[in-house]
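Colleague: Predicted model follows, preceded by the sequence.
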Amino acid sequence: MSPATDARVDITDHYAFQKPGDSTKTILILDVNPVAPTHADEFRHNALYETLVDNNGDARPDISFRYRFTRKDGGRQFARVTRAFVGETNLEEGHVHEELEKEVLVEHAPVSFGTEAHITRGEAGIRFFAGFRSDPFFFDLLGFLNGLQFTGSDFFANLNVFGIALEVPNRLLGRNPKIGVWTRTLVPMTHQPAHLAQVDQMGRPAINTVFNHGSDKNTFNVTQPADQRTAKTMSGQTFLQVFTTELGGLGAANPAGLAAILLPDVLTFDRSSPAQYLNGRRLQDDVIDVSLNLVTNGRVTGDGVGPHHDYLSEFPYLGSPHV
C-alpha cells in the first residue's frame, strides 16, 4: 500500500548525476506514482515534494529543492520550484523544515500529461520538467520475491510513473562537491492541515523495500536519516541491528560493517565526477546487480535484467510513457 494510501506521494525512485557533456550542472530526478495512471493521474496539489541535500556528511539537510503543484483543473496542472536553506525545526517529527532563505527557481511550469515532454526554463540555466513518463527502473521483482530465483523478467518494462526532473548549476548544491542526496514527500496532517508531515522518503534504491518488513517500512519512511541507525523497530531492535541480521542472512562478508554503510540511507554523490553508482545514480545504472553482488558477497551477481532502451539522450532523460 502506498504511504498515506496515496500513490501520488509514493516515491518509486530518485536519481542524481552529472549532466552528460556538462560537468558544471547536475540532474536531479524524483519519480512517484507507481503503475501510473492506474491509481492517480496527477501530482497531489496540497503535498510537498522535496529533494534534500546534505553538504557536510551529517545526514541532515542543508539545502532543499521543493516542488509544489496547483490543483488539476480542466486537464491542466502547474508546478512551482523553490530552493531553500533549511534548519533543524521539527526534524524528528518529519515536518517541513524551517526556511532560512528561499529562492524561486521556476514558476507556473506546465505538467506534461501526454507523450510530449514540456520543458520549462528558469533563471541561470535551470530547466524543469514534471509529468507522465516511462518508469526507468529495471528489476526482476518477482524473482526477488521468489527467494532470489531470478528469470530475467523485467517487472517494470512497460510501467509508467510521474516524474520530476530538475537541471541545476552545481553552485546551487553548495560549495562541497561531495554531497548526500535523498527525497521525500509530505502531506497535510489529518487534524492540523496547516502542517505538513513526512510520509515517504528514499536515499539509495530498494533499501526500505529489501531490509524492512511490515509496519517497520512506515516507521523507516518517517525516520530522518541522521536517526536511522538508532531508531527502534516494532521488535524493539534498532534498524542497524535489523539490517545487520538481514545482511547476515544474505551472506554478506561483514554484515555489521555493511549495515553501517547502508545507514543512514542517503545517496552519496560527488558532483565533480561522472562515475556511476554508487556515486550518485544514473537512469541506466544497474543498481540491483551492484547491490546483489555486494550484499551476498558475490553469491548472487545479478537478476538478468538490463537497462531500458527508451531513455532520452537529453533533458528530461525519462522516456516517453507507455500508452
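Modeller: Structure received. Residues are numbered from 1 along each chain as shown.

Colleague: Give me the secondary structure label for residue 259.
Modeller: helix (DSSP: H, G, I helix; E, B strand; the rest coil).

Colleague: Just the pLDDT at it, thanks.
Modeller: Looking at residue 259, its pLDDT is 96.

Colleague: One more: residue 60?
Modeller: On the pLDDT scale, residue 60 gets 96.

Colleague: Please apply the same query to residue 35.
Modeller: Predicted confidence (pLDDT) for residue 35: 97.

Colleague: State the distance from the closest residue to residue 112 other than its chain neighbours to residue 68.
Modeller: Excluding the flanking residues, the one nearest residue 112 by CB to CB, 6 or more residues apart in numbering is residue 131, at 2.9 Å. The C-beta positions use only the backbone N, C-alpha and C, and glycine is treated the same way. Per CB to CB, to the nearest Å, residue 131 is found 15 Å from residue 68.

Colleague: Look at those two and report which has more neighbours.
Modeller: Between residue 131 and residue 68, residue 131 has the larger neighbour count (other CB atoms under 10 Å), namely 26 against 17.

Colleague: and the more buried one, what element?
Modeller: Using DSSP states H and E, residue 131 maps to strand 127-134.

Colleague: average pLDDT across that strand?
Modeller: Here the average pLDDT along strand 127-134 is 98.

Colleague: next helix or strand past it?
Modeller: helix 141-145.

Colleague: If you count neighbours, what's buried in that following helix?
Modeller: Counting neighbours by 16 or more other CB atoms under 10 Å, one finds that the buried residues in helix 141-145 are 141, 143-144.

Colleague: quick one: terminal-to-terminal distance for stretch 220-235?
Modeller: 13 Å (CA to CA, to the nearest Å).

Colleague: same check, this time on stretch 151-167
Modeller: 36 Å.

Colleague: buried residues in it?
Modeller: Buried, per 16+ other CB under 10 Å, within stretch 151-167: 154-157, 159-167.

Colleague: Out of the residues you listed, which two sit at the greatest distance?
Modeller: Within the buried residues of stretch 151-167, 155 and 167 form the most distant pair, 29.2 Å apart (CB to CB).

Colleague: about what we covered before: the residue nearest to residue 112 and residue 299, how far apart?
Modeller: 41 Å.

Colleague: do the same with residue 161
Modeller: From residue 161 to residue 299 the distance is 31 Å (CB to CB).

Colleague: what's the answer for residue 205, then?
Modeller: Taking CB to CB, one finds residue 205 at 20 Å from residue 299.

Colleague: Can you classify the closest residue to residue 143 other than its chain neighbours by secondary structure?
Modeller: Counting by CB to CB, 6+ apart, residue 150 is the residue found nearest to residue 143 once chain neighbours are left out, at 3.6 Å. The three-state label given to residue 150 by three-state DSSP is coil.

Colleague: what number of residues lie near residue 150?
Modeller: Residue 150: 20 neighbours (other CB under 10 Å).

Colleague: swap in residue 256?
Modeller: Neighbours of residue 256 (other CB under 10 Å): 14.

Colleague: contacting residues for it?
Modeller: By CB atoms under 8 Å, 6 or more residues apart in numbering, the contact list for residue 256 reads residue 244.

Colleague: does it sit in a helix or strand, and which one?
Modeller: Judged by DSSP H and E, residue 256 forms part of helix 255-262.

Colleague: Buried residues, that helix. List them.
Modeller: Those would be 255, 258-259, 262, for helix 255-262 by 16+ other CB under 10 Å.

Colleague: what's the answer for stretch 40-48, then?
Modeller: 40-44, 47-48.

Colleague: Tell me which of these fall in strands.
Modeller: residue 48 (DSSP state E).

Colleague: about what we covered before: I'd guessed the residue nearest to residue 112 sits against residue 160; true?
Modeller: No: using CB atoms under 8 Å, residue 131 is not in contact with residue 160; the gap is 10.4 Å.

Colleague: Kindly format the C-alpha coordinates of stretch 73-88 as PDB.
Modeller: Taking C-alpha atoms only, stretch 73-88 is exported to PDB below (Å, rounded to 0.1, in the frame of the first residue of the first chain):
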ATOM      1  CA  ASP A  73      -8.200  21.800 -13.400                       C
ATOM      2  CA  GLY A  74      -9.500  21.200 -16.900                       C
ATOM      3  CA  GLY A  75      -6.800  18.700 -17.500                       C
ATOM      4  CA  ARG A  76      -4.000  21.200 -16.700                       C
ATOM      5  CA  GLN A  77      -1.700  21.500 -13.700                       C
ATOM      6  CA  PHE A  78       1.300  23.700 -12.900                       C
ATOM      7  CA  ALA A  79       4.400  23.500 -10.800                       C
ATOM      8  CA  ARG A  80       6.400  25.900  -8.700                       C
ATOM      9  CA  VAL A  81      10.000  25.100  -7.800                       C
ATOM     10  CA  THR A  82      11.900  26.800  -4.900                       C
ATOM     11  CA  ARG A  83      15.300  26.400  -3.200                       C
ATOM     12  CA  ALA A  84      15.700  26.900   0.500                       C
ATOM     13  CA  PHE A  85      18.300  26.600   3.200                       C
ATOM     14  CA  VAL A  86      16.800  24.500   5.900                       C
ATOM     15  CA  GLY A  87      17.200  24.400   9.700                       C
ATOM     16  CA  GLU A  88      16.600  21.900  12.400                       C
END
